[in-house]
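Enquirer: Generate a structure from the sequence data that follows.
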Amino acid sequence: MGTVFSFDLRDPVTRPVHRALEEAVAWLHHVDEVFSTYRPGSVISRLGRGEPVPERYGPEVAEVFALCEEAAHTTGGWFSHTPGGRLDPSGMVKGWAVERVSQMLYAVGGHNTCVNGGGDIQLRGEAAPGTPWRIGIAHPARPGELAAVVTGRDLAIATSGTAERGAHVLDPHTGRPAIALLSLTLTGRHLTRTDAYATAALAMGAGARDWVEALDGHEALGITATGEVWRTPGLPGATGAGP
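Expert: Numbering: from 1, shown residues only. Reported below is the predicted structural model:
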């Protein structure tokens, strides 16, 4: 998926947890082979070229496409898995994959974990007994600096922005790069939808703040092209953010 995944486990790594971790890594490689837009031979790349794909991949692809359609409806079309007319469900797949492997670890006793896929994070439990997780939000215009620190338990955090890949998110209504925001960080409970909604909110630009404030169960931190930092009132435990 063109990025790095990491696992931070704060529970004892029992044999079932270790086995689940191995299975999670293997499954992530499988997801990359199916959905990566960087691999010419992936299922998604082949579908994008109109080529047939093996039937065994159908259920996973159908699940992701259904989630994409749901996100497109919820966001009023600001989320799209065909930006610029090209098949690309990346805005959904990474969050979906991270949440899935987090669930795999939880099912076998990994109740206090942080799974990080390129800055999109699913948190379970706590960093230590009585201590919430603390996640720094990088400032896209100031390398090495944090725009804010978010704290919480059982939390999903997704950031969409220009720092790593430039203006790669397209406005689905115009087909042009979304440049009004340098970054948009969204928090929620489940990363699958939180990640997709973060992509949509970045594409919205100036309208993102009002949209997130009306979105149940989610909060946001935005950084505009001029460097202004804003956050919605319920951003969990945020410190260092703007008004």
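
Enquirer: For residue 79, the count of nearby residues, please.
Expert: 27 (other Cβ atoms under 10 Å). Any C-beta I mention is one placed from the backbone N, CA and C, and that applies to glycine too.

Enquirer: Now the phi/psi pair for the residue nearest in space to the middle of the chain, please.
Expert: Centroid check for the chain by Cα atoms, centre = their mean gives residue 195 as the closest residue, at 3.2 Å. Per-residue torsions, residue 195: phi -60, psi -50 (degrees, to the nearest 10).

Enquirer: That one and residue 120 touch, don't they?
Expert: Yes. In this structure, residue 195 is within contact of residue 120 by Cβ atoms under 8 Å, at 5.1 Å.

Enquirer: who touches both of the two?
Expert: 94-95, 98, 158 (Cβ atoms under 8 Å, 6 or more residues apart in numbering).

Enquirer: need those residues in a markdown table with pLDDT and neighbour count, can you?
Expert: A markdown table is the format used below for the shared contacts of residue 195 and residue 120 (pLDDT from 0 to 100; neighbours: other Cβ atoms under 10 Å):
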| residue | pLDDT | neighbour count |
| --- | --- | --- |
| 94 | 95 | 27 |
| 95 | 97 | 28 |
| 98 | 98 | 27 |
| 158 | 97 | 30 |
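
Enquirer: Residue 230 versus the closest residue to the residue nearest to the centre of the chain other than its chain neighbours, what's the distance?
Expert: What sits nearest to residue 195 in space, not counting adjacent residues and going by Cβ to Cβ, 6 or more residues apart in numbering, is residue 95, at 2.6 Å. Distance, residue 95 to residue 230, by Cβ to Cβ, to the nearest Å: 23 Å.

Enquirer: Name the residues of stretch 202-221 that come out as buried.
Expert: 202-205, 208-209, 211-212, 215, 218-221 (16 or more other Cβ atoms under 10 Å).

Enquirer: who touches it?
Expert: Residues outside stretch 202-221 that contact it (Cβ under 8 Å, 6+ apart): 75, 78-79, 137, 147-148, 150, 160-161, 169-172, 178-181, 183-189, 194, 197-198, 201, 222, 229-236, 238, 241.

Enquirer: May I have the distance across that stretch, first residue to last?
Expert: End-to-end distance of stretch 202-221 (Cα to Cα, to the nearest Å): 11 Å.

Enquirer: Any stretches of the chain with poor pLDDT?
Expert: By pLDDT under 70, the low-scoring segments of the chain are 162-167, 240-243.

Enquirer: so where do the strands sit in it?
Expert: Along the chain, the segments classed as strands by DSSP state E run 5-9, 113-117, 120-124, 133-138, 146-152, 156-161, 181-188, 219-224, 229-231.

Enquirer: Mind naming the longest helix for this structure?
Expert: helix 15-35 (DSSP state H).

Enquirer: Name the residues of it that are buried.
Expert: Neighbour-count burial for helix 15-35 [16+ other Cβ under 10 Å]: 17, 20-21, 24, 28, 31-32, 34-35.

Enquirer: cool, stretch 1-19 as well?
Expert: 1, 5, 9-11, 17.

Enquirer: ok, back up a step: hmm, who's touching the longest helix of the chain?
Expert: So helix 15-35 is contacted by 1, 5, 7, 9, 11, 13, 39, 42-44, 57, 60-61, 64, 89-90, 93, 97, 100-101, 104-105, 107-110 (Cβ under 8 Å, 6+ apart).
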